[in-house]
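J.: got a sequence here, can you build the structure:
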Amino acid sequence: MSPAASYQPSRTRRPFGSRLADAMDDHGPLCVGIDPHPNLLEAWGLADSAAGLRDFALRTIDAVGGHVAAVKPQSAFFERHGSAGIAVLEETLAALRDVGTLSVLDVKRGDIGSTMAGYAQAYLSDGAPLAADSITVSPYLGYGSLTPALNLAEASGRGVFVLALTSNPEGAGVQHAVNGDQAVAAGIVEGVTASNAQASGEGRLGCIGLVIGATIGGAVSDLGIDLQRANGPLLAPGVGAQGAGPAELEAVFGAARRQVLASTSRGVLKEGPSIEALRKAASASSYEAATALR
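T.: Now for the predicted structure:
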């Protein structure tokens with residue numbers, strides 16, 4: 001038995017998909033990123049240090065915690081500050097738990113066997129210092145390589161967002177490539193569809209989601225992908241001011257629009273360091289996303 005498989009289901013935590021669906025109903029379909037780029041730290045008058053990072057992250061949570069469906073810390077910008085930055089990430093995740101806002105930790109981990117199980121335990125197990133409500137993962141060592149994370153997410157009531165169709169130009173060379181009679185990305189979506197169908201969780205959204213760029217145009221239909229059938233949340237960078245309006249969203253998501261969790265980072269963060277301005281920008285972005293996704 002793998003380490004991930006040995007965990008027992010949480011007795012108190014509802015499945016992530018159900019908690020996210022409720023949060024989207026209550027606050028709108030917006031996920032605000034915490035992406036402390038050096039230039040944003042400078043714009044906020046903060047040092048490019050662990051202390052500046054801490055002020056940036058906790059100020060953002062003060063502004064949007066309890067007001068948006070989810071918050072997505074980008075692990076890379078914490079990791080660049082070494083152990084002090086990781087300590088700030090732990091504090092950031094704890095602060096999100098304290099205010100009752102779901103966390104999507106953007107780590108994009110992907111490996112095999114015991115190494116993937118180790119990543120899963122680091123981010124998805126009860127009591128882990130870096131435990132988040134959900135994480136992003138990369139399936140490009142094969143969808144089956146994610147099994148330890150998928151199993152532990154289900155057992156602990158947490159979630160996983162699997163990279164599928166991203167908007168970076170380099171992504172298409174891998175994601176659109178044909179493996180047998182289907183595109184690689186289509187195979188990933190099929191894997192998520194099967195995982196959500198097999199899960200025992202209740203609610204209208206499964207706990208295994210997908211990362212789908214909102215500006216990828218007709219790729220979903222061109223590749224024969226059915227996002228609605230996947231029955232998971234769709235983390236979508238690029239909604240609203242970032243480029244995708246109603247017409248673009250119809251082309252990408254179609255009937256799956258109600259599953260979309262729109263992700264924005266700089267669109268809100270550029271309004272800092274004022275807590276009031278950050279909260280106002282998040283509210284406007286949430287309204288914009290909800291309007292575009294009707």
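J.: can you report how many residues lie near A128?
T.: Counted by other C-beta atoms under 10 Å, the residues lying close to A128 total 15. All C-beta atoms are positioned from the backbone trio N, CA, C, and that covers glycine.
J.: surely it is within a strand?
T.: No - with DSSP: H, G, I helix; E, B strand; the rest coil as the criterion, A128 is located in coil rather than a strand.
J.: so how far is L278 from it?
T.: Look at A128 and L278: by C-beta to C-beta, to the nearest Å, they are 29 Å apart.
J.: with Q228 instead?
T.: Taken as C-beta to C-beta, the span from Q228 to L278 is 33 Å.
J.: the more surrounded of the two?
T.: Neighbours were counted for Q228 and for L278 using other C-beta under 10 Å; L278 has more, 23 against 14.
J.: could you give me the buried positions within stretch 193-211?
T.: For stretch 193-211, the neighbour count (16 or more other C-beta atoms under 10 Å) marks 193, 195-196, 199, 201, 203, 205-211 as buried.
J.: what does stretch 37-52 give?
T.: H37, L40, L41, W44, L46, D48, A50, G52.
J.: quick one: low-confidence parts of the stretch 101-250 of the chain?
T.: 200-203, 240-242 (pLDDT under 70).
J.: try it again with 90
T.: 199-204, 238-250 (pLDDT under 90).
J.: what about the strands in it?
T.: With strands called from DSSP state E, counting those that start in this stretch, the stretch 101-250 of the chain shows them at 102-109, 134-137, 159-165, 178-179, 182-183, 208-212, 234-237.
J.: show me which positions of the first one end up buried.
T.: So that's strand 102-109. Quick answer for strand 102-109 (16+ other C-beta under 10 Å): L102, S103, V104, L105, D106, V107, R109.
J.: returning to what we had before: reformat the buried residues of stretch 37-52 as a markdown table; add distance to T92.
T.: Output for these, formatted as a markdown table (distance: C-beta to C-beta, whole Å):
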| residue | distance to T92 |
| --- | --- |
| H37 | 16 |
| L40 | 15 |
| L41 | 15 |
| W44 | 16 |
| L46 | 15 |
| D48 | 17 |
| A50 | 12 |
| G52 | 13 |
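J.: so can I have JSON lines of the residues you listed showing distance to A255 and secondary structure?
T.: What follows is these, written out as JSON lines (distance: C-beta to C-beta, whole Å; DSSP: H, G, I helix; E, B strand; the rest coil):
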{"residue": "H37", "distance to A255": "36", "secondary structure": "coil"}
{"residue": "L40", "distance to A255": "36", "secondary structure": "helix"}
{"residue": "L41", "distance to A255": "41", "secondary structure": "helix"}
{"residue": "W44", "distance to A255": "40", "secondary structure": "coil"}
{"residue": "L46", "distance to A255": "43", "secondary structure": "coil"}
{"residue": "D48", "distance to A255": "44", "secondary structure": "coil"}
{"residue": "A50", "distance to A255": "45", "secondary structure": "helix"}
{"residue": "G52", "distance to A255": "44", "secondary structure": "helix"}
